[in-house]
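[1] fold the following and give me the result.
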Amino acid sequence: MAPTVEQGTVDGAVEPDGESTELTDDRAYHLLQNERRRNVLRYLEDTDGPVEMRDVAEQVAAWEHDTTVAALASDERQRVYIPLYQCHLPKLDEEDVIEYDRQRGIVERGDLADELDEYLAPPVETDGRGASARGRYFLGASGVGATLLVGTAAGVAPFAALSTTAASFAVVAISWTLSLGTRFGLW
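    Numbers count the residues shown, from 1 in each chain. Just a heads-up that it's a prediction; the model follows:
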C-alpha cells in the first residue's frame, strides 16, 4: 500500500484541525533521505513504548561507526546526539512519525511511523511456500560450489580436469558475485 494524501490536506502531513493523516511519497522520501532518521526509525521499530533519547543516539552512533554502544568514544556519541536533538528528532516529531519530548529526553513511535516501515525494509520476494527467491538462489549457488570442490578433490569426472586451486577460485568468484549482487540489489 502506497501512502496517499487524504482530502483536505496541503502536503499530506497534517489536517487543518491538527489530526494526522497519511504521508505523501514526497514527504516520506524527504524524511527518509537522511540515514540518521532512518536509523532512528529502525531503532524505534524494535521498541515498545517510550525510550530515552540518549539510548537512541548511542545506538545510531554505534551503527554509524560499526561498533557496539559500549565501545563508542564520547565524541562519537556527541557527534550524533547533537544533530538528533537539534534537527532530526524535531523534524520527525513535526510529521507525527515520532513523539519527541525534548524536555524529558523521551522518544517513541508516532502515529505515522508504520507508514514509513515499508520504505525501511527491503521487499522480500517469496514463492508460494514462503521461501525467498534470494535464499533459493544462494542455496543453489552454495550447492554448485560444494559440488565443484568435492568433485575436484575426489577426482570425479568432469571435475578431475580442474585443479583444486581453480575450483577454489571459482567458488570465491561465485561468492563475490553473489555478495556484490546482493549489495547493489540485483537479486
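
[2] show me where the chain has helices.
    25-32, 35-45, 53-64, 74-83, 89-94, 113-120, 133-154, 164-183 (DSSP state H).

[3] just those helices: most buried one?
    helix 53-64 (a mean of 20; mean count of other Cβ atoms under 10 Å). Heads up, the C-betas are built off the backbone N, CA and C, glycines and all.

[4] what angle separates that one from helix 74-83?
    120 degrees (axes from the mean of the first three to the mean of the last three Cα atoms, to 10 degrees).

[5] mean confidence score for helix 53-64?
    For helix 53-64, the mean pLDDT works out to 94.

[6] nearest to Gln103 among the helices of the chain would be which one?
    Closest to Gln103 of the helices of the chain is helix 53-64 (Cβ to Cβ; 10.7 Å).

[7] pLDDT below threshold where in the chain?
    1-21, 121-139, 179-187 (pLDDT under 70).

[8] please repeat the previous calculation with a cut-off of 50.
    Low-confidence segments of the chain (pLDDT under 50): 1-17, 20.

[9] show me it divided up by domain.
    25-120, 133-183 (automatic domain parsing).

[10] quick revisit: switch the helices of the chain over to TSV; also include distance to Asp101.
    Below are these laid out as TSV (distance: least, Cβ to Cβ, whole Å):
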stretch	distance to Asp101
helix 25-32	19
helix 35-45	14
helix 53-64	9
helix 74-83	16
helix 89-94	9
helix 113-120	16
helix 133-154	40
helix 164-183	38
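
[11] now for these, which one comes closest to Tyr100?
    helix 89-94 (3.9 Å).
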